[in-house]
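S.K.: compute the structure for the input listed below.
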Amino acid sequence: LTYRAPKSCFWAEHLYTTRLGSTPNDEIERFLFGSIDDTGARAVRAFASGDLIDMHKLFQHFFEYLNAQKLRTPKGLDWIRSKYPNLTQNDLMIEMQSLRRMHCTMWYESVREIDSAEHSDVKFIVTDHPVTIYNPACPSTSPECKYPDDPAIELKGSQTVFALDANHCLILSNLEYAKNPTSVDLRAPRTHARYGGQSIARTDAFIRTRKLSPKEVGAINGILKSRSHRYIAASEQAWLNCETPGAAQWGAIGEILLPPSNELWHFGGEIYIGYKDGSTHYQDEFGRTSGAHKYLQKK
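M.R.: Got it, this is the predicted structure:
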């Protein structure tokens, strides 16, 4: 346990540095992440405070920031390396940039909930891999969680957990799992799972009704801690003493992350758009723009 100023935590030398010959170049840090972090910071504050105007303006920027926070960490970079053998540092930086929006489409289509710890004396911690993927069917000892892997977000039971600040935590759940948590195959891909592609979402559709107890906040902190790489941090020492859930507890903790069933009416359904030139656009709850699957799908 060490006491450090925030700017001295969670950093590594030359994590994003590229080289032209022997000359180091930090343009990725300054220009790419500089812009993402600037708009991301404003978006996180808007999401935490519930400012609907800024949430609308920064909706896409927020999810781009979230994806960057998943891939830019040492664990995230190791995950990219594990999929592409023999990458040089320059190749790794190019691949990281090409993947920096890979999860956004499915996050747009998820059930979005922001839970509060304002009434709890235990607050949310931060880790060195802050975008945590939880799946009740994949405890930390499962093959899906072997370093540097996490359960894929397209699996029906996978939920994305991200602490916005000490008092607010964002939980993104796939719609099929949120509606039928006990009757879906948690390891099966969600309907129309895809990395990339266009989608439409209501930027004001968020569930913000739950005030978590200290025990519930501690359980979420245990999940965050279990999927971290090396470091966790908090402004109070006691918050770090969260228990890492074992395999027997793992599935039960998932009940805390489930969104309330009486709030799911914000999500799903169909969208029809009419344009001035007479053309139209259609999208169902999974982002499909055609109903052909109803007629072409074989048993």
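S.K.: ramachandran angles for Glu144?
M.R.: phi -70, psi -20 (degrees, to the nearest 10).
S.K.: Phe124 now?
M.R.: Torsion angles, degrees, to the nearest 10, at Phe124: phi -70, psi 140.
S.K.: so the residue lying closest to it once chain neighbours are set aside bridges to which residues?
M.R.: Excluding the flanking residues, the one nearest Phe124 by C-beta to C-beta, 6 or more residues apart in numbering is Ala163, at 4.0 Å. In short, each C-beta sits where N, CA and C put it, glycine included. Under DSSP bridges, the beta-bridge partners of Ala163 are Cys169.
S.K.: what about Ala163, how many residues nearby?
M.R.: 24 (other C-beta atoms under 10 Å).
S.K.: check contacts around it.
M.R.: Counting by C-beta atoms under 8 Å, 6 or more residues apart in numbering, Ala163 touches Phe124, Ile125, Val126, Pro130, Cys169, Leu170, Leu224.
S.K.: mind giving me the PyMOL command for buried ones among these?
M.R.: A single PyMOL command selects the buried members of the contacts of Ala163 (16 or more other C-beta atoms under 10 Å):
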select buried, resi 124+125+126+130+169+170+224
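S.K.: and which of the contacts of Ala163 is nearest Leu258?
M.R.: Cys169 (13.7 Å; C-beta to C-beta).
S.K.: quick one: contacts for the closest one?
M.R.: Per C-beta under 8 Å, 6+ apart, neighbours of Cys169: Ile114, Asp115, Ala117, Phe124, Val161, Phe162, Ala163, Ile220.
S.K.: switch those over to CSV; also include pLDDT and distance to Thr73.
M.R.: As requested, the contacts of Cys169 are arranged in CSV below (pLDDT from 0 to 100; distance: C-beta to C-beta, whole Å):
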residue, pLDDT, distance to Thr73
Ile114, 98, 22
Asp115, 98, 23
Ala117, 98, 23
Phe124, 98, 18
Val161, 98, 15
Phe162, 98, 13
Ala163, 98, 14
Ile220, 97, 19
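S.K.: in a markdown table: these, plus distance to Asn180.
M.R.: Formatted as a markdown table, those follow (distance: C-beta to C-beta, whole Å):
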| residue | distance to Asn180 |
| --- | --- |
| Ile114 | 23 |
| Asp115 | 21 |
| Ala117 | 28 |
| Phe124 | 28 |
| Val161 | 20 |
| Phe162 | 24 |
| Ala163 | 27 |
| Ile220 | 23 |
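S.K.: about what we covered before: Trp250 versus the residue nearest to Phe124, what's the distance?
M.R.: 19 Å (C-beta to C-beta, to the nearest Å).
S.K.: kindly report the same for Ala238.
M.R.: Counting by C-beta to C-beta - Ala238 and Trp250 are separated by 24 Å.
S.K.: how about Arg187?
M.R.: Relative to Trp250, and taking C-beta to C-beta, Arg187 is found at 14 Å.
S.K.: over to Pro259?
M.R.: 19 Å.
S.K.: which one of those two has more residues nearby?
M.R.: Set side by side, Pro259 and Trp250 show more neighbours around Pro259, with 25 against 22, by other C-beta under 10 Å.
S.K.: for the nearest residue to that one once chain neighbours are set aside, give me its contacts.
M.R.: Nearest residue to Pro259 in three dimensions, chain neighbours excluded: Glu113, at 4.6 Å (C-beta to C-beta, 6+ apart). By C-beta under 8 Å, 6+ apart, Glu113 lies in contact with Leu170, Ile171, Leu172, Ser173, Phe206, Ile207, Arg208, Arg210, Pro259, Glu263.
S.K.: ok, of those residues, which come out buried?
M.R.: Leu170, Ile171, Leu172, Ser173, Phe206, Ile207, Arg210, Pro259, Glu263.
S.K.: among these, which ones are in strands?
M.R.: Leu170, Ile171, Leu172, Ser173 (DSSP state E).
S.K.: let's verify the nearest residue in space to the second one that is not next to it in sequence: helix, strand, or coil?
M.R.: Among residues not flanking Ile171 along the chain, Glu113 sits closest, at 4.8 Å (C-beta to C-beta, 6+ apart). Using DSSP: H, G, I helix; E, B strand; the rest coil, the three-state assignment for Glu113 comes out as strand.
S.K.: same question for the one 10 residues further on.
M.R.: The three-state label given to Lys123 by three-state DSSP is coil.
S.K.: help me confirm that it comes into contact with Ala233.
M.R.: No - the criterion here is C-beta atoms under 8 Å, and Lys123 misses it with Ala233 at 11.6 Å.
S.K.: look at these two and report which has more neighbours.
M.R.: Lys123 (21 against 16).
S.K.: show me what contacts the nearest residue to that one once chain neighbours are set aside?
M.R.: Residue nearest to Lys123 in three dimensions, not counting chain neighbours: Ala166, with 3.9 Å by C-beta to C-beta, 6+ apart. Counting by C-beta under 8 Å, 6+ apart, Ala166 makes contact with Ala117, Lys123, Phe124, Ala234, Ser235.
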